[in-house]
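Enquirer: The amino acid sequence is not available; the structure is as follows:
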């Protein structure tokens, strides 16, 4: 069914906003996914602040061409039935959401992604991004590493004077 001009303008406006704010836009083929599976994917994506849109590729190309930052992006891979995953808060989250869902639904297949600076990256690079830990996991790992010496000292101090003396003796050797 053809879209009316007002609906196209509305969709283009939404796409412009999403491309302007998104740190990474992941593109995937969804041919063969059921409506129920798409609803489940949207639900999982929403939990990670990722927005999933299924729009005509022609409208996506037009939105990219009008965006000053994305103007030079390669859009040759934007063909067939595609879905677009946008996230304004995390670069890795859209790739992780789709990657996790693709493990359950083999019909979902990465095409690539468009970065915030307009670079198109291939499907293999998106899969590599999807396996990276999230920003929160990286911060937790760094905090854990930084807190380790403090925990060691506190453990030694809580052991009493004998613990401190044995620690100093071990250090002297």
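Expert: Right, received. Where do you want to start? Quick caveat, the model's predicted, so the values are computed rather than measured.

Enquirer: what residue is smack in the middle of this protein?
Expert: residue 93 (2.2 Å; Cα atoms, centre = their mean).

Enquirer: Quick check: it vs residue 168, distance?
Expert: 48 Å (Cβ to Cβ, to the nearest Å). All C-beta atoms are positioned from the backbone trio N, CA, C, and that covers glycine.

Enquirer: Give me the pLDDT value at residue 41.
Expert: Looking at residue 41, its pLDDT stands at 92.

Enquirer: Show me what secondary structure element comes after the helix or strand where it lies.
Expert: Residue 41 is located in helix 35-47, with elements delineated by DSSP states H and E. The helix or strand immediately downstream of helix 35-47 is strand 51-53, counting by DSSP H and E.

Enquirer: Would you mind listing the buried residues in the helix or strand following that following strand?
Expert: Heading C-terminal from strand 51-53, the first helix or strand you meet, by DSSP H and E, is helix 57-66. Neighbour-count burial for helix 57-66, counted by 16 or more other Cβ atoms under 10 Å, picks out 57, 59, 60, 62, 63, 64.

Enquirer: hmm, who's touching the next helix or strand after helix 57-66?
Expert: For helix 57-66, the following helix or strand on the C-terminal side (DSSP H and E) is strand 82-87. For strand 82-87, the external contacting residues (Cβ atoms under 8 Å, 6 or more residues apart in numbering) are 18-19, 21-30, 45, 48-55, 57, 60, 93-95, 97-98, 111.

Enquirer: same deal with stretch 92-103?
Expert: Contacts of stretch 92-103 (Cβ under 8 Å, 6+ apart): 24-26, 28, 40-41, 44-45, 48-50, 85-87, 108-110, 113, 126-127, 129-132, 134-135.

Enquirer: which of the residues in that stretch are buried?
Expert: For stretch 92-103, by 16+ other Cβ under 10 Å, it's 92, 93, 94, 95, 96, 97, 98, 99, 101, 102.

Enquirer: what separates that stretch from the chain centre, distance-wise?
Expert: Mean-position distance between stretch 92-103 and its chain equals 7 Å (Cα atoms, centre = their mean, to the nearest Å).

Enquirer: Remind me what the helix holding residue 41 packs against, helices and strands.
Expert: For helix 35-47, the packing partners by 3 or more Cβ pairs under 8 Å, 6 or more residues apart in numbering; DSSP states H and E come out as strand 51-53, helix 93-104.

Enquirer: ok now the last one, how far from the chain's centre?
Expert: Helix 93-104 has its C-alpha centroid displaced from the chain centroid by 9 Å (Cα atoms, centre = their mean).

Enquirer: 615 is where my numbering starts, stick with that
Expert: From this message on, residue numbering opens at 615, which makes the last subject helix 707-718.
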